[in-house]
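structure, please.
(4 chains)
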There are 2 protein chains.
Amino acid sequence: MGAEAAVTQLRRGAVEHCVLALLEDEERYGYDLVHELTAAGLVASEGTVYPLLSRLRKDDLVATVWRDSPAGPPRRYYALTRPGQRALDDFRVAWTGFAAAVETILHRKHQEDR
Amino acid sequence: MGAEAAVTQLRRGAVEHCVLALLEDEERYGYDLVHELTAAGLVASEGTVYPLLSRLRKDDLVATVWRDSPAGPPRRYYALTRPGQRALDDFRVAWTGFAAAVETILHRKHQEDR
DNA sequence: GGCACTACCTTGCGCCGCAGGGTACTTCGA
DNA sequence: TCGAAGTACCCTGCGGCGCAAGGTAGTGCC
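Here you go, the predicted model:
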């Protein structure tokens, strides 16, 4: 697995909660999220985001409403629910522990130093 | 996906390179790696590690030798190869970028603060 | 009319962690 | 002597998700 492929695998499980984090302050629509996540390097295509949003909706972590766009097709807006907020809070804790574990191993001092 | 399940997904792609990092200074054997990775919370069972080690060997990122154990069955020791070291170096860079992206989104300031 | 952009969505593939199960050797106490 | 516990290696099947690729419409401009 190359470093690129490894990052693809890392995204699993992270993207989902990053979406929740993006919805923490304001409702947003899918196409907008696609652009932001792509720019951040967290997804590679729409094919990741839309199925993910469907899952979040099915699990009641987000709620949706259709709104007309000033120009173009209508947009489906997503907003964080109470359970969604809880899931996000839990993940922040889990992420911190995970990232710390990886970094401890990745940057551990070489024992023979000095 | 709960926070636990999310971490399970996060491990994909990270565990592999953590193994390479553990081999950076010294050769080690599988059972030993299983214990260390389990203690670090990076794997949940042997069923993750042994197939992973086989993949690394197939891709020439590690080289192996059998050595007798002072007590018990013989051990297969794994050592980092040149390509393995390169893969590890690449991953450290990739990880840094990925972790930064996640943390930027996860802990971004709430715009309406103040 | 045709092209580009916006905005939604689906299907199939491939990959990997995990649970669970299996083999075999050594040691040690009953 | 026999069996349990520990060491050490391994495999198979399942499930879940990111991705590539492709599909459907509505809007606006030339």
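
when you work out contacts or count neighbours from here on, use the C-alpha atoms and nothing else.
Fine.

helices of chain A, start to end?
A:3-11, A:14-22, A:30-39, A:46-58, A:82-106 (DSSP state H).

could I get these in a markdown table, plus columns for mean neighbour count, mean pLDDT and distance to DNA strand D?
Below are these laid out as a markdown table (neighbours: other Cα atoms under 10 Å in any protein chain shown; pLDDT from 0 to 100; distance: least, Cα to the nearest atom of the strand, whole Å):
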| stretch | mean neighbour count | mean pLDDT | distance to DNA strand D |
| --- | --- | --- | --- |
| helix A:3-11 | 19 | 92 | 5 |
| helix A:14-22 | 23 | 97 | 5 |
| helix A:30-39 | 16 | 96 | 8 |
| helix A:46-58 | 15 | 97 | 4 |
| helix A:82-106 | 17 | 96 | 13 |
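
take these and write them to a markdown table, including distance to B:G30.
Converted to a markdown table, the helices of chain A look like this (distance: least, Cα to Cα, whole Å):
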| stretch | distance to B:G30 |
| --- | --- |
| helix A:3-11 | 21 |
| helix A:14-22 | 28 |
| helix A:30-39 | 38 |
| helix A:46-58 | 35 |
| helix A:82-106 | 16 |
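
I'd like the ones you listed as TSV, with distance to chain B appended.
Formatted as TSV, these follow (distance: least, Cα to the nearest Cα, whole Å):
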stretch	distance to chain B
helix A:3-11	4
helix A:14-22	6
helix A:30-39	9
helix A:46-58	9
helix A:82-106	5
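
among the ones you listed, which comes closest to B:L106?
helix A:14-22 (5.7 Å; Cα to Cα).

do you know the pLDDT at A:G2?
Looking at A:G2, its pLDDT reads 84.

and the closest residue in space to A:Y29 that isn't next to it in sequence, how far from A:L53?
Distances taken as Cα to Cα, 6 or more residues apart in numbering or on different chains put A:Y77 closest to A:Y29, at 4.2 Å, once the chain neighbours are dropped. Distance, A:Y77 to A:L53, using Cα to Cα, to the nearest Å: 11 Å.

what residues do these two have in common as contacts?
Residues touching both A:Y77 and A:L53 by Cα atoms under 8 Å, 6 or more residues apart in numbering or on different chains: A:G30.

before we move on, back to that, the residue nearest to A:Y29 against A:G30, yeah?
Yes: using Cα atoms under 8 Å, A:Y77 is in contact with A:G30, at 7.0 Å.

joint contacts of the two?
Counting by Cα under 8 Å, 6+ apart, nothing touches both A:Y77 and A:G30.

who's in contact with A:P74?
A:P74 sits in contact with A:W66, A:R67, A:D68, where contact means Cα under 8 Å, 6+ apart.

quick one: buried ones out of those?
Neighbour counting by 16 or more other Cα atoms under 10 Å in any protein chain shown classes none of these as buried.

so which of these are in strands?
The strands, defined by DSSP state E, take in A:W66, A:R67 from the contacts of A:P74.

in CSV: the contacts of A:P74, plus pLDDT.
Shown next, in CSV, are these (pLDDT from 0 to 100):
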residue, pLDDT
A:W66, 96
A:R67, 96
A:D68, 92
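
hang on, the earlier thing: could you check how many residues crowd around the residue nearest to A:Y29?
A count of nearby residues for A:Y77, using other Cα atoms under 10 Å in any protein chain shown, gives 19.

if I pick A:E24, what's in contact with it?
Counting by Cα under 8 Å, 6+ apart, A:E24 makes contact with A:A79, A:L80, A:Q85.
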